[in-house]
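Enquirer: Pasted the sequence and its predicted model underneath.
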Amino acid sequence: MSLKDAPKSEIDSIITLFSNNNLQEALKASLFLIEEYPSDPLLLNILGACHAGLEDLHSAVKNYKKAIAIKSDYAKAHYNLGVAFHELGQLDESIKSYETSLSIDPNYAEAYLNLGNVYKDNGQFDNAIESYNNAILIKPDYIEAHFSLSMVSQELGEFNNMIAHSKKVLEINPNLDMVHNSIGFGFKELGQLDAAILSYQDALSINPNNSEAHNNLGNIFEELGKTNQAVKAYKAAIKISPDFPTLHNNLGNAFKSLGQLKDALISYENALKHNPDYAEAHNNIGLIFFDQKHYEKAIKSYQKAINSDQNFANAHNNLGVVFNKIGQFDNAISSYNNALSKRPNYADAHNNLGVLYQKNGQEIKIVNNQIIIFSNPSLIQSGTLVFSVIESMFVQTVVWIADQHIFPS
């Protein structure tokens with residue numbers, strides 16, 4: 001041991017404090033020891049880790065850099081510097097640090113994993129996949145790398161690959177409920193609902209307190225029209241995670257499907273207790289008030305939804321519907337146009353706006369998704385067929401104004 005190195009016994013004592021999450025004590029001991037051994041790279045690296053653990057990332061970076069300045073081939077310090085830069089959002093610097101660490105230690109699987117995470121966050125998915133695969137080449141049973149590959153596949157919409165990578169994780173450890181839940185999500189996206197149900201049930205057999213799996217199971221039951229089973233699943237999720245507003249909202253939707261409007265309102269209000277700005281819950285309350293012909297209350301609910309989320313096209317359209325219902329046609333037109341400004345290909349809003357114009361004796365045509373109004377009402381005959389074609393890359397919808405229905409072409 002050179003004179004610049006702190007005694008191993010004291011370093012070990014600090015590492016023990018750090019490992020036991022006694023971060024303040026570890027930092028205090030490190031600061032005391034660094035006064036006597038200011039050039040010990042290991043101690044500087046530990047000092048940086050203590051600062052990072054206490055969320056003082058700038059001090060962490062400073063100490064990692066000091067360690068590297070003394071020992072340039074210190075792979076662990078470069079790695080830790082990469083972690084700190086990632087947490088600070090300095091992704092390019094983080095990538096450089098991990099790459100330097102790997103140039104020193106090409107078998108550093110954890111560095112490949114974290115490098116992949118940075119690439120993923122930076123939208124460089126091909127590089128992320130390559131890094132995760134490099135980690136797996138070094139550690140074939142590296143669960144985190146396999147799971148990260150499944151998450152990248154999910155982001156890319158490659159759900160078959162997502163399921164395959166997740167199943168590889170389960171080959172290593174079959175008792176990971178979150179991975180069974182993830183597979184269920186993949187099957188749902190592929191439209192394989194029976195397989196999704198089995199995966200969610202597998203997750204719950206391992207961990208009955210997985211509220212996300214209960215919720216996801218409820219979503220599938222709702223989609224299949226098995227609404228009573230959906231209610232049961234949502235209630236189970238809420239019992240575990242009562243503060244999660246989406247669960248209350250989903251339960252409200254199920255109750256509404258069953259025609260149990262009082263219970264639905266209670267659920268939506270519970271959602272708002274946990275998130276007063278939950279736009280979807282406000283909108284859903286508005287839908288119930290509209291069905292009950294409480295139009296003023298419906299208006300207030302839709303306006304609350306819009307105040308919470310100005311881009312909520314459904315709420316703008318629903319507000320237009322209620323204004324139309326009570327004869328406030330100018331407000332209805334404004335609301336429909338607001339909906340279309342948020343979602344230009346919103347067929348319902350186009351339809352509702354067209355019906356309203358026609359009801360007021362105006363001829364309309366749609367040109368390039370824009371409503372054109374003609375001033376000669378005599379051109380409109382009762383039952384005249386007026387239509388617009390709303391096109392996108394994937395959808396072509398024909399809006400039949402006279403019948404007030406929407407038919408896919």
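Expert: Arrived safely, thanks for sending.

Enquirer: use CA for all of it now, contacts and neighbours both
Expert: OK.

Enquirer: Now do the domain split for this protein, please.
Expert: As given by automatic domain parsing, the domain ranges for the chain are 1-105, 361-409.

Enquirer: and the first one, average pLDDT?
Expert: So the one you mean is domain 1-105. The average pLDDT for domain 1-105 rounds to 94.

Enquirer: before we move on, what about stretch 192-203?
Expert: Stretch 192-203 shows a mean pLDDT of 98.

Enquirer: That one: how far from the chain's middle?
Expert: Distance, stretch centre to chain centre, for stretch 192-203: 21 Å (Cα atoms, centre = their mean, to the nearest Å).

Enquirer: again with stretch 339-352
Expert: The chain centre lies 25 Å from the centre of stretch 339-352; the measure is Cα atoms, centre = their mean.

Enquirer: mind listing the helices for the stretch 1-150 of the chain?
Expert: Ranges of helices within the stretch 1-150 of the chain are 8-19, 23-36, 41-53, 57-70, 75-87, 91-104, 109-121, 125-138, 143-155, based on DSSP state H, counting those that start in this stretch.

Enquirer: so which of the ones you listed comes closest to Leu353?
Expert: For the helices of the stretch 1-150 of the chain, distance to Leu353 was read as Cα to Cα. The smallest value, 36.2 Å, belongs to helix 143-155.

Enquirer: if we can go back for a sec, can you tell which of the helices of the stretch 1-150 of the chain is closest to Lys342?
Expert: helix 143-155 (24.5 Å).

Enquirer: What segments of the stretch 301-409 of the chain are strands?
Expert: Assigned by DSSP state E, counting those that start in this stretch, the strands in the stretch 301-409 of the chain fall at 363-367, 370-374, 387-391, 396-400, 405-408.

Enquirer: List the neighbours of stretch 103-119 that are in contact with it.
Expert: Here stretch 103-119 makes contact (Cα atoms under 8 Å, 6 or more residues apart in numbering) with 73-75, 79, 83, 86, 91, 94-95, 98-99, 101-102, 125, 127-132, 134-136, 138-139, 144-145, 148.

Enquirer: From Tyr336, how far out is Gly218?
Expert: 33 Å (Cα to Cα, to the nearest Å).

Enquirer: what do you get for Pro7?
Expert: The gap separating Pro7 from Tyr336 is 74 Å, by Cα to Cα.

Enquirer: again, but for Lys76
Expert: Per Cα to Cα, Lys76 is found 58 Å from Tyr336.

Enquirer: between these two, which one's more packed in?
Expert: Of the pair Lys76 and Tyr336, Tyr336 is the one with more neighbours under other Cα atoms under 10 Å, namely 29 against 21.

Enquirer: so who does the more buried one touch?
Expert: Tyr336 sits next to His316, Asn317, Gly320, Ala349, His350, Asn352, Leu353 when contact means Cα under 8 Å, 6+ apart.

Enquirer: and the first one, how many neighbours?
Expert: By that I understand His316. By the criterion of other Cα under 10 Å, His316 has 27 neighbours.

Enquirer: cool, and Gln24?
Expert: 15.

Enquirer: And the one 10 residues further on, by the same measure?
Expert: Using other Cα under 10 Å, Ile34 is surrounded by 16 other residues.

Enquirer: next one: Leu356
Expert: By the criterion of other Cα under 10 Å, Leu356 has 20 neighbours.

Enquirer: repeat for Ile46
Expert: Neighbours of Ile46 under the rule other Cα under 10 Å: 24.

Enquirer: What distance do you get for it to Lys4?
Expert: Taking Cα to Cα, one finds Ile46 at 15 Å from Lys4.

Enquirer: residue contacts, Glu189?
Expert: With Cα under 8 Å, 6+ apart, Glu189 has these contacts: Phe159.

Enquirer: ok, 10 Å please
Expert: By Cα atoms under 10 Å, 6 or more residues apart in numbering, the residues touching Glu189 are Gln154, Gly157, Glu158, Phe159, Asn160, Ile183, Ala196.

Enquirer: Please report how far Lys62 lies from Ser131.
Expert: Plainly put, Lys62 is 27 Å away from Ser131 if you go by Cα to Cα.

Enquirer: How about Glu144?
Expert: According to Cα to Cα, Glu144 and Ser131 sit 12 Å apart.

Enquirer: Which residue of the two possesses the greater neighbour count?
Expert: Legend: neighbour count by other Cα under 10 Å for Glu144 and Ser131, higher for Ser131 (23 against 15).
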